[in-house]
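# let's see this in three dimensions:
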Amino acid sequence: MFTQIPFPMNQNYPSRSAVLEKLEERRLLAVSPILAGKNNTEIPLDTDGTQLDYNFVTVRFDGEVQLGDNPEAGFGLRGYAINPLSGGQQQIVIPTSEHQILQDENGDDTIVRFKTEFRARKGGRLYLYEGALRDLNGDDVLNTPSDAIPNIRLEKGLNKPRFTLALRPFVPYDFTFFNKDFFDASPDPITRPVLGPNELRADLASFLADRGLEQSVIDQAVAQFDDSTVQTRVPDATLRAGLLSLYGTDGEPAIDAILGTLNPTGQPYTILGYDTTLPPEVRRAESKLENGRLRLIFKQELADEHYASLGALIAHEVMHNDVGIVQNEEIVAHLVEASVWADHIQTRPAIARYGTPNVTEQNGRLVALLNSGDRLYPRTGILGAPLNNEGNEVYVNGSGLFADDPISFEDEIRQEFEARGVIDGALQANTSPITDILLNLLEPGDYTFENFNTSLLETIDANQRFFGDAEAVAVAGILKMAPQPMNINI
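Residues are numbered from 1 along each chain as shown. Coordinates of the predicted model:
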């Protein structure tokens, strides 16, 4: 039993002769014997000497070649990057353009040159499909995954972590890490119960052990947590644990600044605590000089924050010298906070999900920091990086909180404090603990810190060591972010 399918009488089917004629018109695929030889990856530089976000690749062949009729589709460049969400790797297609044939030293057309849309991966595979290249006989020069000849592998390029950074911006795949100041899709922050001293003592010791610190350092931190003099200066157990959580971070000098003499007064702070009467213009905390002694007061609403989050904010606040604030000073202080917070969430990734106002704000700042970096591009930094999105904004599909979409960590902090009436200026930056913490942020070198000015910002961007390449990718993964070109489905 079968069903007869009616023949559509109104459809014009080609005759057999017409089909044969069409086949004869097609160029039958013939493969050229020409093979690829050496290749080179050029890194173009901007006028200020910084590396640009693309390469020019040249490939030599052992015979003369010409471009095919569709080189954009025919040249298939691939490279493996780290998928921060899984920790595994993902193959990335690197689009190419500006294909041209160059002459070699003998005047023969044996060199192909093209531009990559983003920086190329060392060891990346270049495939040549139909339409890319032909020899002078018109036969296709092919090198595809199914061919027996060896793949063309780029001899120069970026390693895997740095190639991953070249694919930025990082975009979030889980908005619960942030708040609506950064992304409209984020939920409202939550409150948390305040832990007691015994819980905090035990958790602080465990936290510092997770960081890999020596037992002697952990014992010292616990002893300071219980010390009566320290308790007089820092009576709140959460703030005390937060201060001592700075061991092993770039902000560690803040401990001696608060409890010792590493500050302009040469004396310990009189108090590190909370106050319900801070003026409205104080967002989170205020550092003040009174009667020749420093004091640091936090807003009471921060009392339920994770102690590690407060520790990062303490490191921020000791960067202020209490002679006023300027935008550049705030940029550096926020960088210190972000660097410490990045250390903390690498030590214990779960605290990035704490969900409180300060934690979600610190997570949001890390988005801007991870998507910045000019002088060491494609490494991270604080100035504007050439990102793979149209507006170069660090918050892709951000909330629109700022007058202009921020294009760097520096730009985001500057816009915020400009809106709050803080001037752009230069204040003294050559006192402890400011210089001590700055040296922790930078590669070893002979630095002179005079003022919080644009020169200092450029020095930080050109010499940072707060984010290694693999570390930056790992932090992005903790915050469930991945480079935009990966377009991951989860």
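# C-alpha only now, for contacts and for neighbours.
Noted.
# what about the helices in the stretch 101-250 of the chain?
Here the stretch 101-250 of the chain has its helices, by DSSP state H, counting those that start in this stretch, at 160-166, 197-210, 215-226, 228-233, 237-244.
# export the fourth one as PDB, just CAs?
What follows is helix 228-233 as a C-alpha-only set of coordinates in PDB (Å, rounded to 0.1, in the frame of the first residue of the first chain):
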ATOM      1  CA  SER A 228      42.400  43.800  74.300                       C
ATOM      2  CA  THR A 229      44.200  46.900  72.900                       C
ATOM      3  CA  VAL A 230      43.100  46.000  69.300                       C
ATOM      4  CA  GLN A 231      39.600  45.500  70.600                       C
ATOM      5  CA  THR A 232      39.700  49.000  72.100                       C
ATOM      6  CA  ARG A 233      40.600  50.500  68.800                       C
END
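# buried set for it?
Of the residues in helix 228-233, 230, 231, 233 count as buried by neighbour count, 16 or more other CA atoms under 10 Å.
# now the helices of the stretch 101-250 of the chain in TSV, with mean pLDDT and distance to residue 254?
What follows is those, written out as TSV (pLDDT from 0 to 100; distance: least, CA to CA, whole Å):
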stretch	mean pLDDT	distance to residue 254
helix 160-166	98	31
helix 197-210	98	16
helix 215-226	98	14
helix 228-233	98	14
helix 237-244	98	8
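# among these, which is nearest residue 389?
helix 160-166 (11.9 Å; CA to CA).
# which strands and helices lie in contact with that closest one?
On a contact count with 3 or more CA pairs under 8 Å, 6 or more residues apart in numbering; DSSP states H and E, helix 160-166 meets strand 75-82, helix 469-478.
# which strand residues bridge the nearest residue to residue 167 once chain neighbours are set aside?
Excluding its sequence neighbours, the residue lying closest to residue 167 (CA to CA, 6 or more residues apart in numbering) is residue 483, at 5.6 Å. Beta-bridge pairing of residue 483 under DSSP bridges involves residue 170.
# look up how far residue 176 lies from residue 483.
Distance, residue 483 to residue 176, using CA to CA, to the nearest Å: 18 Å.
# so these two - more neighbours on which side?
residue 483 (24 against 21; other CA atoms under 10 Å).
# do you know the pLDDT at the more buried one?
Residue 483 carries a pLDDT value of 96.
# pLDDT weak spots in the stretch 201-350 of the chain?
322-323 (pLDDT under 70).
# can you show me the strands along it?
For the stretch 201-350 of the chain, the strands defined by DSSP state E, counting those that start in this stretch cover 272-275, 285-290, 293-299.
# so how far is residue 95 from the residue sitting nearest the centre point of the chain?
The residue lying closest to the centre of the chain (CA atoms, centre = their mean) is residue 370, at 2.2 Å. According to CA to CA, residue 370 stands 24 Å off from residue 95.
# returning to what we had before: adding distance to residue 258, write the helices of the stretch 101-250 of the chain out as CSV.
Converted to CSV, the helices of the stretch 101-250 of the chain look like this (distance: least, CA to CA, whole Å):
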stretch, distance to residue 258
helix 160-166, 37
helix 197-210, 18
helix 215-226, 12
helix 228-233, 8
helix 237-244, 9
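# the ones you listed: which one's closest to residue 44?
helix 160-166 (14.3 Å).
# dump the C-alpha coordinates for the closest one into PDB.
Extracted C-alpha coordinates of helix 160-166, given in PDB (Å, rounded to 0.1, in the frame of the first residue of the first chain):
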ATOM      1  CA  LYS A 160      45.800  31.100  25.900                       C
ATOM      2  CA  PRO A 161      45.000  33.400  28.900                       C
ATOM      3  CA  ARG A 162      46.200  36.500  27.000                       C
ATOM      4  CA  PHE A 163      44.200  35.500  23.900                       C
ATOM      5  CA  THR A 164      41.200  35.200  26.100                       C
ATOM      6  CA  LEU A 165      41.700  38.800  27.400                       C
ATOM      7  CA  ALA A 166      42.000  40.000  23.800                       C
END
